[in-house]
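Trainee: quick one: sequence plus predicted model below, questions after.
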Amino acid sequence: QLQLAESGGGLVQTGGSLRLSCTASGFTWKSYATGWFRQAPGKGREAIACISTNYQNTAYGDSVKGRFTITRDNAKNTVYLQMNDLKPEDTATYFCAADYSHPFTCDPILEWDFESWGQGTQVTVSS
């Protein structure tokens with residue numbers, strides 16, 4: 001079983017930037033696509049970004065296109081989410097997740113495809 005741990009969340013002002021990290025441990029030899037999701041209080045989980053195991057395919061949710069960038073470093077078993085031009089509506093708990101069944105594809109980002117999930121990291125954007 002793969003374990004995922006998110007880090008890098010915090011409090012930032014509108015227009016600021018944060019970089020989230022998702023570090024994997026355990027069965028890291030398995031190929032998997034990695035996705036980022038977020039959930040705000042009282043709302044459902046939203047797909048934010050995804051990157052395939054071979055770096056070649058990425059996908060983004062409409063609400064973050066042009067502002068967020070997902071990258072990965074397989075040597076470090078880490079996936080990053082660079083978040084720029086943050087807005088109050090980006091406030092949420094951010095989760096990363098691994099999809100073993102579709103390691104080379106990301107579009108569309110389907111929550112039910114992801115089998116392993118981290119515990120989440122809180123991002124708060126003040127106005």
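Mentor: Yep, that arrived.
Trainee: from T23, how far out is the nearest residue to L4 once chain neighbours are set aside?
Mentor: Residue nearest to L4 in three dimensions, not counting chain neighbours: G118, with 3.8 Å by Cβ to Cβ, 6 or more residues apart in numbering. (Each C-beta comes from the backbone N, C-alpha and C, glycine too.) Summarising the geometry, the distance separating G118 from T23, computed by Cβ to Cβ, to the nearest Å, is 9 Å.
Trainee: before we move on, what about D107?
Mentor: Here the criterion is Cβ to Cβ. By it, D107 lies 24 Å from T23.
Trainee: these two: which has the busier surroundings?
Mentor: The neighbour count for D107 versus T23, taken as other Cβ atoms under 10 Å, is higher for T23 (18 against 11).
Trainee: for that one, name its beta-bridge partners.
Mentor: For T23, the beta-bridge partners under DSSP bridges are A5, T78.
Trainee: which residues sit in contact with the most centrally placed residue in the chain?
Mentor: To find the centre residue of the chain, average its C-alpha atoms and take the closest one (Cα atoms, centre = their mean): that gives W36, at 2.1 Å. The contact partners of W36, by Cβ atoms under 8 Å, 6 or more residues apart in numbering, come to 20, 22, 47-50, 70, 79, 81, 94-97.
Trainee: my guess is W112 is in a strand, correct?
Mentor: No - for W112, which was evaluated using DSSP: H, G, I helix; E, B strand; the rest coil, the result is helix, with no strand membership.
Trainee: if we look at stretch 101-116, which residues are touching it?
Mentor: 1-4, 31-33, 35, 37, 45, 47-54, 56-59, 61, 97-100.
Trainee: distance of R67 from V125?
Mentor: 12 Å.
Trainee: what's the answer for W112, then?
Mentor: W112 sits at a distance of 28 Å from V125 (criterion: Cβ to Cβ).
Trainee: out of those two, which sits in the busier spot?
Mentor: Taking other Cβ under 10 Å, W112 and V125 do not tie; V125 has more neighbours (20 against 6).
Trainee: name the element the more buried one belongs to?
Mentor: Counting by DSSP states H and E, the secondary-structure element that holds V125 is strand 121-126.
Trainee: done for today, thanks.
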